[in-house]
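Participant: Quick one, what's the 3D model for this:
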Amino acid sequence: FFIPFTKDCGSDEVCVSDLVLSVQTVRKVSRSAPVLVSANNRELSFEVAVRNKKENAYNTQVTATFSSNLYYSSVSFTDGVKCTATQIDTITCQVGYPVIKEGEEMKFQITFDYSFDQLLSQADVKFEAKSDSAEETPADNLDHIHIPLQYDTGIVLSRQSNINFFVANMSHDVVTQVRTWEDIGPEFDFTVKVSTGNFPISLLYLTVALPVSTKRGNQLLYLTGVETKGGSVSCDSKQLVDPLQILVKSYQASFSEESFRGMDQMNCKTAKCETIKCILKDTKAKSDYLVAVKTRIWSGTLNTASYLSIQLISGLEVETSNPDLLLIGHKQQNVVLTVSKPGEKADVPVGVIAGSVIAG
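Facilitator: Have a look, this model is predicted:
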């Protein structure tokens, strides 16, 4: 309700006010660099000031119309300011009722929260000040603020394997007539887990890159199965599982001599990789999605090659369908299998060789 009052507008009984609206974000926000919205950064607060430079401004109001990825949260407790939601996207604040006199200024803080239901690339808020008095310069009664946004998805990529260390045995005979997966070598299995954050995401891409052979063609890891769990997860792996059809017919394997010395890792830069591509659809907030990868270690290659220790690196990466808007803090992980070969002769340092020649 309104308290009755008498207008004081001078002898002409016409009040000509000059309201000046000033709006600033409480936290320093660039209007060009995106704000990263996260579970710990969901507030958008504005300091609003309305100053009257001329005659009395009666029944002054400030309206804030905001985009659908924001919702009104609160207004600071300030004498003479009362805000109410007048529409689903508009807040109207009664400021300094009944009158803001010449030279007076009213300030208040209004806060919005970023919505996790509407993930838009920009937040928009349009502020406007008006009163029942005539306005001399309406141009400075408006402020339209655009804030570019990105969202921290809070997605966590993790992995767990059945083993992380393998010892090659030089004394074992190399199996070349492969009739079962057991003839290849021991199992090396790992599970990839994608854990979602505070809001659902319609589409995620997960890739698993396996080092399957050396540059010279010696086999490293042999894919025997891919299983998924949790929601709508699908992997394009049919052509990659058991590519030699060992379960159907025997395979005659051959292993050429190869040196891994001077190399620390067999990864997708130093070896040939095959990539498993998975799609996660309509993921829910705070949920886990699993992809289990089953392989066999080609003992023949690792027993035959020359090295002391080497790591087989399988690369994991998860990405959103809109990576410029929906960010993942740590999108890559490695699954590491360390292989050692005891009994292999170590390299003799060049200095030792030179010293032996001189001494001899």
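
Participant: List the contacts of the closest residue to Gly154 other than its chain neighbours.
Facilitator: In space, and not counting its chain neighbours, Gly154 is closest to Gly197: 2.2 Å by CB to CB, 6 or more residues apart in numbering. Where you see a C-beta, it was placed from the backbone N, CA and C, and this is true even at glycine. Counting by CB atoms under 8 Å, 6 or more residues apart in numbering, Gly197 makes contact with Ala39, Asp152, Thr153, Gly154, Ile155, Val156, Ala285, Lys286.

Participant: and Gly197, what are its phi and psi?
Facilitator: phi -100, psi -130 (degrees, to the nearest 10).

Participant: rewinding a little: quick one: buried ones out of the contacts of Gly197?
Facilitator: Those of those that meet the buried threshold are Asp152, Thr153, Gly154, Ile155, Val156, by 16 or more other CB atoms under 10 Å.

Participant: Relative to Arg51, which of these is nearest.
Facilitator: The shortest approach to Arg51 among these belongs to Asp152, at 37.7 Å (CB to CB).

Participant: Domains in this protein, by residue range?
Facilitator: 16-152, 156-340 (automatic domain parsing).

Participant: Now tabulate those domains in CSV and tack on mean pLDDT.
Facilitator: Converted to CSV, those look like this (pLDDT from 0 to 100):
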stretch, mean pLDDT
domain 16-152, 94
domain 156-340, 95
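
Participant: want to throw these into a markdown table with distance to Ala346?
Facilitator: Shown next, in a markdown table, are the domains of the chain (distance: least, CB to CB, whole Å):
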| stretch | distance to Ala346 |
| --- | --- |
| domain 16-152 | 48 |
| domain 156-340 | 6 |
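
Participant: Can you point out the buried residues in stretch 140-155?
Facilitator: Neighbour-count burial for stretch 140-155, counted by 16+ other CB under 10 Å, picks out Asp140, Asn141, Asp143, Ile145, Ile147, Leu149, Gln150, Tyr151, Asp152, Thr153, Gly154, Ile155.

Participant: among those residues, which are in strands?
Facilitator: Asp143, Ile145, Ile147, Leu149, Gln150, Tyr151, Asp152 (DSSP state E).

Participant: Nearest residue to the second one in space, please, no chain neighbours.
Facilitator: Counting by CB to CB, 6+ apart, Ile145 lies nearest to Val125, which is 5.0 Å off, once chain neighbours are set aside.

Participant: Give me the phi and psi for the one you found.
Facilitator: Phi and psi for Val125, reported as degrees, to the nearest 10, are phi -140, psi 130.

Participant: The chain should start at 597 in everything you say after this.
Facilitator: Yep, numbering from 597; the last one is Val721 now.

Participant: With distance to Thr659 added, can I get the ones in strands among the buried residues of stretch 736-751 in TSV?
Facilitator: Listed next are those as TSV, based on distance: CB to CB, whole Å:
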residue	distance to Thr659
Asp739	11
Ile741	14
Ile743	19
Leu745	23
Gln746	28
Tyr747	28
Asp748	31
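
Participant: just checking, Ile743 touches Arg623?
Facilitator: No. Using CB atoms under 8 Å, Ile743 makes no contact with Arg623, being 10.9 Å away.

Participant: how far away is Lys678 from Arg647?
Facilitator: To Arg647, Lys678 is 19 Å away according to CB to CB, to the nearest Å.

Participant: Ala901 too?
Facilitator: Distance, Ala901 to Arg647, using CB to CB: 79 Å.

Participant: Just want to know which of the two has more residues nearby.
Facilitator: More crowded of Ala901 and Arg647, by other CB atoms under 10 Å: Ala901, with 23 against 19.

Participant: between the buried residues of stretch 736-751, which is nearest Glu778?
Facilitator: For the buried residues of stretch 736-751, the residue nearest Glu778 by CB to CB is Ile751; the value is 37.1 Å.
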